[in-house]
Structure formats: C-alpha cells, structure tokens
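> just a sequence and a predicted model for now, questions to come.
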Protein chains: 2
Amino acid sequence: MSETELGRFDRIKVPSAYEMVADAIEREITSGRLKPGDQIGTEADLVRQFGVNRSTVREGIRVLEQSGFVRRETGRKLFVCVPRYRNLSSRMSRAMIINEVTFRELYETAQVLEGGAVQAAVERATDDDIAALEENQLRAESVVDDPIRLADVDTEFHALVARSTRNRVLELAREPAALLFFPTSEMICRRVPQGGSRMVAAHREIIDAIKARDVERARTWMFRHVRDWKRGFERAGRDIDEPVERIFPKLSPGASFL
Amino acid sequence: MSETELGRFDRIKVPSAYEMVADAIEREITSGRLKPGDQIGTEADLVRQFGVNRSTVREGIRVLEQSGFVRRETGRKLFVCVPRYRNLSSRMSRAMIINEVTFRELYETAQVLEGGAVQAAVERATDDDIAALEENQLRAESVVDDPIRLADVDTEFHALVARSTRNRVLELAREPAALLFFPTSEMICRRVPQGGSRMVAAHREIIDAIKARDVERARTWMFRHVRDWKRGFERAGRDIDEPVERIFPKLSPGASFL
DNA sequence: AAAGTGCCTATTGTCCGACAAAGTGCATTT
DNA sequence: AAATGCACTTTGTCGGACAATAGGCACTTT
C-alpha cells in the first residue's frame, strides 16, 4: 500500500451513490436541460427517481448546494439557480488566507486586474454605469473623513468599475482578490486617515477619464490609486511581504449588489 | 409573505445543525487552530463531540469536502487540507459556462491576465521556472503538427508562466478563465492546424524575453500570442460574441500539476 | 370581495438503529 | 522479513421515525 509510484495502474475510484446523485443533477444543469429557476423535485421525488435512500439524496444535495447549482429558499423547495459567484469567490478568498498569501501578491494582482478593468470600462461603460459611479462619488465625498465608510465606498467603486466592463469573466477573476481588498483598505483607512482626499480625487479622475473615453488617463490614475493603497499599507507600519491577516472576510458590504 | 421591502425587520435565518457543524470545523481551520494535514476525528468522534446524529455530521462533512477544507482519502480518514484551488476553479468555470459568457469576454480577460502574468514572471522567474518552460518548449516543438497535443502543451505553458510569477493570487485569479482556455484552444488547433508554428515561435520569444528580463518584449509577444488565439477562433468560423460552448471542462490535463 | 385567521398536509431537518463493504492493524505462517 | 489471514474499525447506505415549519385551503371578519 505504499505511495510509491511503482505499478502501472491508476488508483481506482469507486463513485459513491451520493456523488452520483450530485453528478447526475449537475449534468442536467450544465447541459442546459435544467434551467435556472426550474424546480427540482422534493427529496422524496429524488428518492423515487434515483432509487436511493433519502440520507443519500440529502448528502448529494448538500454538495450541489455548496457549489451553488441548487438553492433552497429558506428551508423550502429546491430550485436550480445560476451559481452566483459570491459564495464561490468567498471560498476562494478563504483559501487564499489559509495559504497565507502576502500583501505584495495582492497588490501586484490588484494592479493587473484593476488596470485591465478600468481599460475595459473606458471602452464599454454605459450611461447607467457612469451614473452609478457618479452616485458612488457623491457618497465618497460625503464620508471623506470617515475612514471606515470610505473604505466601504471605495470597495464599491472598484466593483462598479468592474461591472462597467460588461465582462463577467474579468469581473469574476477579480472578485476573490477583491474580497480581500476590503479588510485591508479598512485597516489602512483607519490608520492613515489623511489618505481620504487623495482617494476621492483619484476616483474623480478615473470617472472623468471613463467619461472622456481616455484610456491612458484612466490607467494612469488607477495605477496611482492602487499604488496609494500600497503606500497606505506601508505607512500603516506593515510589511508588504507579511501574510494577509487571518481576518475572515465577512461579505464585504460593498459587494452586496453584485 | 410578499417579497416587498415593507417592514423593518430582516429575514431570520435559522441555522441548521449540519451547517453549524460545518461552520464550527471551518472556523477551526480558517483560524489556524486546525492545520493542513491534521486529522479530524472519525464520524463517530464528531458525533460525540457535537452531540448530533451521524447523518447530520455527514451532511456537514459534505459541505466542507465540497469547499475543499477537508478531504477524505479514498474512503478513509478525514484530514484538513489546504484548499487546492482546482476544484474551486473548476466550479467557477462551470458557473461561467452556465452564465453563457462569450469568447470576447474570455479573450479580453486573457489579455489582461496573461499580460500581467508574463510581466510578473519576467520580474521573478527562477532558474527552475525557466528550466520548466524550456522543457515545455521542447515538447511543444515535438508535437507542433499534432493540434490536440499542442493545445495541451500550450495550456501548460501558460500555467508555467503563471507559476513563475510566484504570485498565488494572480495564479488563482487566472485559473477559472484558464480552465476555459483549453477546450477553446483545442477546438482552434483542430480547425486551424497551420497556427502551430506561430504558437511555438511566440512561446520561444516569450521564454527568451523572460530570460533576458525584458518586460516590453515579453508583453508584446504575449499580446500577439493571445491575439493569435482569437484570430484562430475567428478563422475557425466562430463568432466571438457567441457563448463559450457548453463543453464541460474535464480537468484540463495541463493543469494537473498545479 | 378582500383581508385576516386557523387548521391540515407536505416537506424538511434530525434522530435511531442496522448492515455490508472496504480499510487498518495485528498475529500467524512461510 | 515478507506474505497471508483474521478480527476490528469506519464508512456508505439503508429503513423507519418524529417534531417543526411552510404552503395551501377553508373559514371567518369587516
């Protein structure tokens, strides 16, 4: 039973019943035969259809629920749903925390993703997107001296920029990291309160650049804005090579509208 | 029971026992009190500790298993593990498929992420990373006329570049999208076989640029390489605004070493 | 008639007890 | 010492059971 790689055969994985239940339902969904909004039968129905025990069905359902394919509205009926990214993203965030990723990794990724996002936003933001950004800016100006609220508004600002890209893949790619931005921003804002006006000014420039469809200006100011974030981190006396704290990222309020 | 937002109270969510079991164990892990590799007791142990039924414990375990915090080695003991990103990423990929993201979204994101990755790789690739890239290049040259194998090697190439960044956040951010690259690349390679030599040439330039620590050259060639991918897609007669097919991304072979 | 109330039933969350199959560890055999 | 065999542990699955809650329906109230 050694773990050595002698022997020519692969390990045999015997699928268990609950896995087969989950897979069967998942296949119906990913193949499109079950559409978001469709109801899945009751547990009893599934017991009849699959011919397995209810405990087995329930274990399978837990798997699907966890992966977001199926949802139970407050204890009642099961229905198919488009996996909302948030629970997946938040799991990824937690995975990153456990892996003790450093602020440097987070910063570098933020530069790449926020830079790319703002560029795409310049190319495709609609009037509605811009209106939402302006509305966000108003709130930012009104809480410029309240570090915690400002961090929250900033998180929302970046989510709005990402949404303006009309690119769900990009939006999704940044979300796990973005969920870690907030606790960090909040810490920074608490300890370096004088950064507020710089932040609001940067947002202003970015919004104007998006309105003017000026890619270079947008990228430049986003770069500065994110760099300020890193400088705030350093000024707060932290080492950028230290692991991001084990702060459990409670669904950051700024992301609640995603 | 209307869904209107009249009323001043929030919905009450009664936590169920299996959720509390899962949360309790997850908290031990995210807080670091349970470390990767640690064993969690047997189901019977957990039954004793939590004072709930075994079925309940099992449902909780399914949740944790699914989110990757615990693992069961072929039917046997439960142990804590660092969530490997792959199952999370693959769920995200499937979520994207269900959301019918378009090739355009995928392409645009690829430009952002691969461009960012290669830049970071230039800055931080080690000799080992470069050796791995060279080894990959040898294989690429040997299968240049075998479209399917080439697509596989290409997928691995990009994963190796990402790994060279020594940035796990960035590596993670690109993975869900990257899992969708492979089926697409494969389709392209099958239908536009003449692209093989261009691909190998681009890889060569990128590797050389990384070795020479030449950021601009690396970015330029990565940009061209990804653009070629899009052109191949178009030349294969596909519309870049059509949803990525409902191909279930079987764990792409190139990602197996992540 | 529309709205509010109370009851009935379906369904879920949990529990109990049980068993076969497969993994583990130990003693025995060669 | 290595291979074999056996007893014990643990998991996966099963059947049945019950309290609590949600949904639906009939009934009352205004």
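Sure, I can see it. Everything numeric here is computed off the predicted structure, so don't read it as measured data.

> and the nearest residue to A:Leu179 once chain neighbours are set aside, how far from DNA strand C?
Nearest non-adjacent residue to A:Leu179, counting by C-beta to C-beta, 6 or more residues apart in numbering or on different chains: A:Ser93, 4.2 Å away. No exception for glycine: its C-beta is placed from N, CA and C like everyone else's. Distance from A:Ser93 to DNA strand C, counting by C-beta to the nearest atom of the strand, to the nearest Å: 26 Å.

> lowest-pLDDT helix or strand in chain A?
Within chain A, judged by mean pLDDT, DSSP states H and E, the helix or strand with the poorest mean is helix A:85-98; its value is a mean of 72.

> tell me the first helix or strand C-terminal of that helix.
Sequence-wise, the next helix or strand downstream of helix A:85-98 (DSSP states H and E) is helix A:103-124.

> got the CA coordinates for that next one in PDB?
Taking Å, rounded to 0.1, in the frame of the first residue of the first chain, the C-alpha atoms of helix A:103-124 are listed here in PDB:
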ATOM      1  CA  PHE A 103       0.100  41.800   0.600                       C
ATOM      2  CA  ARG A 104       2.600  42.000  -2.200                       C
ATOM      3  CA  GLU A 105       0.800  39.300  -4.100                       C
ATOM      4  CA  LEU A 106      -2.500  41.000  -3.500                       C
ATOM      5  CA  TYR A 107      -1.100  44.400  -4.600                       C
ATOM      6  CA  GLU A 108       0.500  43.100  -7.700                       C
ATOM      7  CA  THR A 109      -2.700  41.400  -8.700                       C
ATOM      8  CA  ALA A 110      -4.700  44.400  -8.000                       C
ATOM      9  CA  GLN A 111      -2.600  46.500 -10.400                       C
ATOM     10  CA  VAL A 112      -3.100  43.900 -13.100                       C
ATOM     11  CA  LEU A 113      -6.800  43.400 -12.600                       C
ATOM     12  CA  GLU A 114      -7.900  47.000 -11.800                       C
ATOM     13  CA  GLY A 115      -5.800  48.300 -14.600                       C
ATOM     14  CA  GLY A 116      -7.300  45.900 -17.000                       C
ATOM     15  CA  ALA A 117     -10.800  46.500 -15.700                       C
ATOM     16  CA  VAL A 118     -10.600  50.300 -16.000                       C
ATOM     17  CA  GLN A 119      -9.400  50.000 -19.500                       C
ATOM     18  CA  ALA A 120     -12.300  47.800 -20.500                       C
ATOM     19  CA  ALA A 121     -14.600  50.100 -18.600                       C
ATOM     20  CA  VAL A 122     -13.400  53.100 -20.600                       C
ATOM     21  CA  GLU A 123     -14.300  51.100 -23.800                       C
ATOM     22  CA  ARG A 124     -17.700  50.000 -22.700                       C
END
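
> report the buried residues of it.
A:103-123 (16 or more other C-beta atoms under 10 Å in any protein chain shown).

> coming back round to it: I'd say the residue nearest to A:Leu179 and A:Pro183 touch.
No. Look at A:Ser93 against A:Pro183 with C-beta atoms under 8 Å: they stay out of range, at 9.6 Å.

> pick out whichever of these two has more residues nearby.
When neighbours are counted by other C-beta atoms under 10 Å in any protein chain shown, A:Ser93 and A:Pro183 differ, and A:Ser93 comes out ahead with 26 against 20.

> residues in contact with that one?
Contacts for A:Ser93 (C-beta atoms under 8 Å, 6 or more residues apart in numbering or on different chains) come out as A:176-177, A:179-180, A:249.

> what residues does the stretch 51-200 of chain A have near DNA strand C?
Within the stretch 51-200 of chain A, the positions adjacent to DNA strand C are A:54-55, A:58, A:72, A:75-78 by C-beta under 7 Å from any atom of the strand.

> so where is chain A shaky, pLDDT-wise?
In the predicted model, chain A carries pLDDT under 70 at residues A:1-8, A:74-75, A:83-87, A:246-258.

> helices of that one, residue ranges please.
For chain A, the helices defined by DSSP state H cover A:17-30, A:43-50, A:54-67, A:85-98, A:103-124, A:127-142, A:147-164, A:168-191, A:196-211, A:215-235.

> A:Val122 and chain B, how far apart?
Using C-beta to the nearest C-beta, to the nearest Å, A:Val122 is found at 13 Å from chain B.

> now swap in A:Pro15 and tell me
As judged by C-beta to the nearest C-beta, A:Pro15 and chain B stand 11 Å apart.
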